[in-house]
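1. Next one to model:
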Amino acid sequence: MEVDSKIIFSDKPSWWYVELMDNIPIGIYRTTFEGKIIFCNRTFAKIFGFDSRKELTDYSAINLYRDIKERGGFLNALLSRGFVEGLPLPLKKRDDTPIWCADTAKAIFDEDGIVVFIDGILWDITAEIEEKEAKSYFSDAINDTNFFSIILSPKGEILDIDENGCKLFDYPKNKFLNKSLLDFISPQFKNFFSHFIDNIVNNSREEGFLTIVDGKGEEHHIQIHAFAIKKEGKLDYIKAIARDATKRIMQQRAELSREKFQGVLEMAGGVAHRLNQPLTIINNLLNEVLADLKPSDPNYQKVIKVHNQIKKVNEIAKKVSGIKKYKSMDYVAGVKIVDIDKAS
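-> Prediction:
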């Protein structure tokens, strides 16, 4: 038997409808075309990290987008068809945590055909998007022998590592299992590991470098892409794809050293060139002054000392112009400077 909805809802007070929408487990909203939030339910507020829907009244929906251009794309899609259905949008929470939401919305027009409101529903699909990204990334890397996969617990214990990883680190698999990855990280870089894990827990993913010590005591700089795998909304484990980037990093360091050396050479040549001319003039003037002074003159010895010091400056200028390699030496407060004697 068909029930007349007018009979069911006609005698309900306004708060009843608000409570009904608050209890629906997806976000419901109405905004102006410009983005001002006119109404939203409790679920909508929670999705974006607000304590209540009242905090979002008159709030601009534009602030919920990671990139304002995405808002423009959403409006263009809405205006071209009058509605959008399940459109994935890269949004952000109140604290700037990135999230993904699927949005189904409809444009509400006035009598003149002008959009006055946008009514819609949205739901959080962050876990689905991240899982797809992780699967795509792992699928691309799985057949590349330069990569290895590793699975970690939420605290960083190694739950599994593939054959490529075992070969790279020169350890049997049982050496890794149920031990913290921290145990294999170079001592000087251990402090970074806790930040690495925290970022995965907070952001659901992390990319970076970890320095691992292998079975022979050699360091490897590992580029790692880690993804949080969630179960029922909670972090279940961390799945990561990594590769040995040691050669690339060493090449970058060598290139940086060459660039640094080239900079030293160019600076040295410029300094030596600029010094030579005034030093030549000073030397000539001092020779003239000494020629006019008698050894008994009280200023004679002072000029001799100045002349000797200028000769030392001349020698330094020659060494600077003759720099052939980059050598540094410790200076005050941990600063390093070019060792002119060893570099020339």
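
2. For the helix or strand encompassing Ala105, give me every contacting residue.
-> Taking DSSP states H and E as the criterion, the element that holds Ala105 is strand 98-109. Residues from elsewhere that reach strand 98-109 (CB atoms under 8 Å, 6 or more residues apart in numbering): 27, 33, 47-48, 66, 74, 78-79, 82-93, 115-126, 128-130, 203. To be clear about C-beta, it is placed using only N, CA and C from the backbone, and glycine gets the same treatment.

3. count of neighbours near Gly233?
-> As a burial measure, Gly233 scores 8 neighbours (other CB atoms under 10 Å).

4. what's near enough to touch it?
-> With contacts defined as CB under 8 Å, 6+ apart, Gly233 is in contact with Ala127.

5. Show me what whichever strand or helix holds Gly208 is packed up against.
-> Element membership for Gly208, per DSSP H and E: strand 205-213. Taking 3 or more CB pairs under 8 Å, 6 or more residues apart in numbering; DSSP states H and E as contact, the helices and strands that strand 205-213 lies on are helix 126-141, helix 191-203, strand 219-231.

6. ok so, going back, mean confidence score for the helix or strand just after the strand holding Ala105?
-> From strand 98-109 onward toward the C-terminus, using DSSP H and E, the following helix or strand is strand 115-124. Computed over strand 115-124, the mean pLDDT rounds to 93.

7. Show me which positions of the strand holding Gly208 end up buried.
-> Burial within strand 205-213, assessed by neighbour count using 16 or more other CB atoms under 10 Å, is assigned to 205-206, 210-213.

8. mind checking the end-to-end distance for stretch 152-172?
-> Taking CA to CA, to the nearest Å, stretch 152-172 runs 17 Å from one end to the other.

9. any idea of the angle whichever helix in the chain runs longest forms with strand 219-231?
-> Of all the segments of type helix in the chain, defined by DSSP state H, the longest one is helix 246-292. Angular relation of helix 246-292 and strand 219-231 on a 0 to 180 degree scale: 130 degrees, by axes from the mean of the first three to the mean of the last three CA atoms, to 10 degrees.

10. Lys155 touches Ile200, doesn't it?
-> No. Lys155 sits out of contact with Ile200 when judged by CB atoms under 8 Å, with a separation of 11.0 Å.

11. Which one's more surrounded, the two?
-> Set side by side, Lys155 and Ile200 show unequal neighbour counts under other CB under 10 Å, the larger going to Ile200 at 20 against 11.

12. about what we covered before: could you point out the helix or strand that follows the longest helix of the chain?
-> Assigned by DSSP H and E, the successor of helix 246-292 is helix 300-321.

13. Pull up the gap between His307 and Asp292, please.
-> Plainly put, His307 is 14 Å away from Asp292 if you go by CB to CB, to the nearest Å.

14. Asp198 now?
-> Counting by CB to CB, the gap from Asp198 to Asp292 is 76 Å.

15. Also Glu255?
-> Relative to Asp292, and taking CB to CB, Glu255 is found at 56 Å.

16. tally of neighbours for Lys167?
-> When counting by other CB under 10 Å, one arrives at 11 neighbours for Lys167.

17. quick one: the strand or helix carrying it to chain centroid distance?
-> Following DSSP H and E, the helix or strand that holds Lys167 is helix 163-169. Taking the mean of its C-alpha atoms, helix 163-169 sits 27 Å from the chain's own mean (CA atoms, centre = their mean, to the nearest Å).
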